[in-house]
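Engineer: Here you go, sequence then predicted model.
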Amino acid sequence: MLTLIWGSSFILMKKGLVVFSSGEVGALRMAIACLSLLPFAIQHLRAVAPDKWKYLAGAGMLGNFIPAFLFAYAETRLASGLAGVLNSLTALFTLLIGAMLFRQPITWMRMLGIVVGFIGTVVLIFSGNGSTDLDNKYFGLYIVLATVCYGASVNIIKHRLQGTKPIIISSLAMLLVGPLALGYLFTTEVTYKLQHIPGAWEAFMYIAILAVVGTAMALVLFNKLIHISTTLFASSTTYLIPIVALMWGVLDGETIQLWHYVGMVVILAGVYIVNRAK
């Protein structure tokens with residue numbers, strides 16, 4: 001379910017960017033997701049110990065707020081299918097951050113997988129021809145940064161919020177970052193665009209689906225997965241996401257070059273090694 005939902009999120013961002021800026025897409029996504037989870041947040045306000053709120057804020061910022069803007073900005077110049085492929089780096093950064101900050105064991109085989117994954121990233125980002133394409137490819141680095149944030153968030157949830165119900169983590173984390181998104185929206189032209197720009201409501205609908213299904217609902221499912229499995233297994237949902245993302249991209253007329261496929265295969269090989277290594 002997570003693979004299908006998140007694999008479709010990249011094309012939804014692309015459709016939203018037809019009318020709205022990357023900042024507006026990111027803020028709308030966070031604000032709508034926050035509002036959809038607000039009843040649960042209000043219900044569970046007192047269900048979390050005071051010392052856990054800083055971890056909820058960390059999970060909200062690193063797992064939702066910052067990546068929402070980074071992904072939207074990257075997709076202003078990067079094909080949605082390639083964005084989905086780069087998202088698979090989440091599994092590698094989850095392992096690396098777990099080892100560096102949370103004392104999780106890491107074997108030489110898993111280190112090999114991380115290295116292979118990064119080689120694939122370099123191939124994917126820096127492949128292609130033409131000066132315009134050269135400018136575009138650097139936007140993949142924003143997605144790499146977003147996957148670093150995701151990796152940190154997964155470890156925070158697993159190691160600092162273990163035992164807290166997924167719906168509580170999801171709703172309260174969004175409650176902490178949602179007001180920031182709403183505040184930002186007041187500085188944008190979202191209202192004007194909805195009233196005067198043709199196709200704005202259609203673009204808004206795509207963003208709303210992304211927010212409610214691809215953020216709010218998927219967040220609850222993902223947090224549940226983290227609690228019933230390992231951080232590595234949970235982050236390995238990104239292993240199949242590229243297939244769904246690329247499928248949507250091709251159906252939408254995106255052109256994927258040979259070296260892009262090579263980079264994708266190398267990245268997925270790295271993720272496979274990391275997940276299979278003992």
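Structural biologist: That came through fine.
Engineer: tell me, what residue is most central in the protein?
Structural biologist: Central residue of the chain (Cα atoms, centre = their mean): P67, 5.7 Å from the mean position.
Engineer: which residue packs closest to that residue, ignoring adjacent ones?
Structural biologist: Nearest non-adjacent residue to P67, counting by Cβ to Cβ, 6 or more residues apart in numbering: A146, 3.9 Å away. No exception for glycine: its C-beta is placed from N, CA and C like everyone else's.
Engineer: Contacts only, for that neighbour.
Structural biologist: By Cβ atoms under 8 Å, 6 or more residues apart in numbering, A146 lies in contact with 66-67, 70-71, 74, 87.
Engineer: secondary structure element for it?
Structural biologist: Assessed by DSSP states H and E, A146 sits inside helix 140-160.
Engineer: three-state assignment of the residue nearest to the centre of the chain?
Structural biologist: What DSSP: H, G, I helix; E, B strand; the rest coil gives for P67 is helix.
Engineer: who's in contact with A234?
Structural biologist: A234 neighbours (Cβ under 8 Å, 6+ apart): 94, 154, 158, 222, 225-226.
Engineer: So for I267, what pLDDT did the model give?
Structural biologist: We have a pLDDT of 82 for I267.
Engineer: Q162 now?
Structural biologist: With respect to pLDDT, Q162 scores 87.
Engineer: Could you tell me how many residues sit around it?
Structural biologist: When counting by other Cβ atoms under 10 Å, one arrives at 9 neighbours for Q162.
Engineer: Just read off the phi/psi values of it.
Structural biologist: Phi and psi for Q162, reported as degrees, to the nearest 10, are phi -60, psi 130.
Engineer: for I256, helix, strand, or coil?
Structural biologist: Strictly by three-state DSSP, I256 counts as coil.
Engineer: isn't L56 right next to S171, touching?
Structural biologist: No. Using Cβ atoms under 8 Å, L56 is not in contact with S171, being 9.7 Å away.
Engineer: how near is the closest residue in space to L82 that isn't next to it in sequence to S235?
Structural biologist: Excluding its sequence neighbours, the residue lying closest to L82 (Cβ to Cβ, 6+ apart) is H260, at 6.2 Å. Counting by Cβ to Cβ, to the nearest Å, the separation of H260 from S235 is 23 Å.
Engineer: who's more crowded, the two?
Structural biologist: Neighbours per residue (other Cβ under 10 Å) separate H260 from S235, with S235 holding more: 32 against 21.
Engineer: doesn't S88 make contact with that one?
Structural biologist: No. Between S235 and S88 there is no contact under Cβ under 8 Å: 9.3 Å.
Engineer: got the phi/psi numbers for I256?
Structural biologist: With angles defined as degrees, to the nearest 10, I256 sits at phi -110, psi 120.
Engineer: residues near it, how many?
Structural biologist: I256: 15 neighbours (other Cβ under 10 Å).
Engineer: Go ahead and confirm it touches L82.
Structural biologist: Yes. The criterion here is Cβ under 8 Å, and I256 meets it with L82 at 7.4 Å.
Engineer: rewinding a little: more crowded one of L56 and S171?
Structural biologist: Using other Cβ under 10 Å, the more surrounded residue of L56 and S171 is S171, with 28 against 25.
Engineer: Now do the contacts for that one.
Structural biologist: Contact analysis of S171 by Cβ under 8 Å, 6+ apart lists 37-38, 40-41, 44.
Engineer: give me that answer again for 10 Å
Structural biologist: By Cβ atoms under 10 Å, 6 or more residues apart in numbering, the contact set of S171 is 33-34, 36-45, 47, 56, 165, 178, 216, 219-220.
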